[in-house]
Structures are given as C-alpha cells and as structure tokens.
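Novice: Build me a model:
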Amino acid sequence: MIRIRKAEDRGHADHGWLLARHTFSFADYRDAEHMGFRSLRVMNEDRIAPGQGFGTHPHRNMEIVTYVLEGALEHKDSMGNGEVLRPGEFQRMSAGTGITHSEFNPSSTESTHLYQIWLEPACKDIDPGYEQKHFDEDERLNRLRLVASPTAENGSLLIQQDARVFLATMDKGSAVTHELSRDRHAWLQVLRGSVSFNSQTLNTSDGAAVSEEQHLDIRATDNAEVMLFDLA
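Specialist: Numbering: from 1, shown residues only. Sure, this is the predicted structure:
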C-alpha cells in the first residue's frame, strides 16, 4: 500500500524571513490525519531569507537530521559545535537530555533551502550528540547511498532509532530499487525532479508512505533527487 502526500496539500507557514512547508503536523499547523509516519515525526521543507535564521532554542529527546539543498546554514549549539552546512552535507543532532542551538543563513544575498527531519528516538534521555558529514555525489549518483543508520555503517550518520536513511541523485531514465523486509515500512521524499514510484508519479516535494510492500522501484522521469527512509 502506497499513500501519496502531495506537495500542495502540506501545511504552510510564511513568517516573512521563513517559508516553511510541513508534511506532518508542526507548530501551529495541526492535521490529525498527518501526525507523522512510524518514527518519522517531522518533514519540514524550509527556505530561509538571507541573513535570517532560527535563534537559540531548546530540543529534547528527538533525532534531528538536516539536509541543505541550496545555500548554507550556520550551526551553533550548547555542546560547543559551530559549523556551516552546505549542499550535499547532512547534520545529525541527538537532543537527548537537552540541547540548545541556533541555525542561521550566513549569506547576505542568497536564500537557504533545506529539509529538517525529526525522528523519535528509540531511547530517551541519552547524552546529546552532533555529527556533520558530506556525501560525495558520485557515491549516490543513480544509486541509494546510506546516509544515516542506527549502526553508523558505511560511514553513515549515527541515529538513535531503527531507521535507515538513503539519498540518491538520479539522471533522467535511471532507476534504483530497494527491498523491504515484511515487517518494515518506508517513506519516500522527492527533493527535486520527478519519479515513478512503483508506477505512481511523484513530483518535487511530494512524499509517499509505504506499508505492506516489499519491492520498491524508483525511476527518474526527470533529473531527480530522492530521500528514502526504511522504518520499523
């Protein structure tokens, strides 16, 4: 079973400096039918104006994964980390017992386009943690590259949940496949371009929840970039 979440049906927030689209209920956007999927709780697509950002604020007991598509994002946190995240780079924060951080667009001319993703952790009140990694495009060109996992295998980010996150950049006409175990579920998010997903059409910013399917077939009908979550 595949349920499509069309981009235009998502929640929307325009704060002037921030344009946000919410796949699941978040902040002032509430939709009882879209509270999350399995351990996936937040899927926000954000655009931050030049010189603007999120001031210092707290999080607790959440796995937060950020991926920048365009521009840059400057990160600072209460653990002493200070980094700039650029396209092709992922950031992982395990909020655990508590963390404060800020995220800021350091450019005076260019906006920042990113995805902010939250997963509920398998264990609460762990020590907070932070990672940032770049994944070369040739490692994910026309194939699914593991970028986050509970075991940090193959150089992936370490997340505290039974979930595996994959990224693929796809040329038009290419295809990638993924096999799900019978008790697993999946979420596919199209970051850009368009794909045929088990014969269903998904375009930029569309998502799809998958249950009771074992074979996943993703075919690029245009140049595309996709993120796939294999979930318990």
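
Novice: Quick check: the gap between the nearest residue to residue 61 once chain neighbours are set aside and residue 132.
Specialist: When the adjacent residues along the chain are set aside, residue 61 lies closest to residue 124, with 4.7 Å between them (Cβ to Cβ, 6 or more residues apart in numbering). C-beta here means a position set from N, CA and C on the backbone, and glycine is covered the same way. If you measure residue 124 against residue 132 using Cβ to Cβ, to the nearest Å, the figure is 24 Å.

Novice: quick one, which of those two is more surrounded?
Specialist: For residue 124 and residue 132, the more surrounded residue by other Cβ atoms under 10 Å is residue 132, and the numbers stand at 17 against 13.

Novice: Could you give the bridge partners of that one?
Specialist: Counting by DSSP bridges, residue 132 forms beta bridges with residue 91.

Novice: which residue sits closest to the residue most central in space within the chain in space, ignoring its chain neighbours?
Specialist: Here the mean C-alpha position of the chain is nearest to the C-alpha of residue 117 (Cα atoms, centre = their mean), at a distance of 4.4 Å. With sequence-adjacent residues excluded and distances taken as Cβ to Cβ, 6+ apart, residue 117 is closest to residue 65, at 4.4 Å.

Novice: surely the one you found meets residue 160?
Specialist: No: judged on Cβ atoms under 8 Å, residue 65 makes no contact with residue 160 at a distance of 11.4 Å.

Novice: Which of the three states applies to the closest residue to residue 23 other than its chain neighbours?
Specialist: Distances taken as Cβ to Cβ, 6+ apart put residue 43 closest to residue 23, at 3.7 Å, once the chain neighbours are dropped. Put simply, residue 43 is strand when judged by DSSP: H, G, I helix; E, B strand; the rest coil.

Novice: residue contacts, residue 43?
Specialist: Contacts for residue 43 were tallied using Cβ atoms under 8 Å, 6 or more residues apart in numbering; they are 22, 23, 24, 115, 117, 187, 189, 207.
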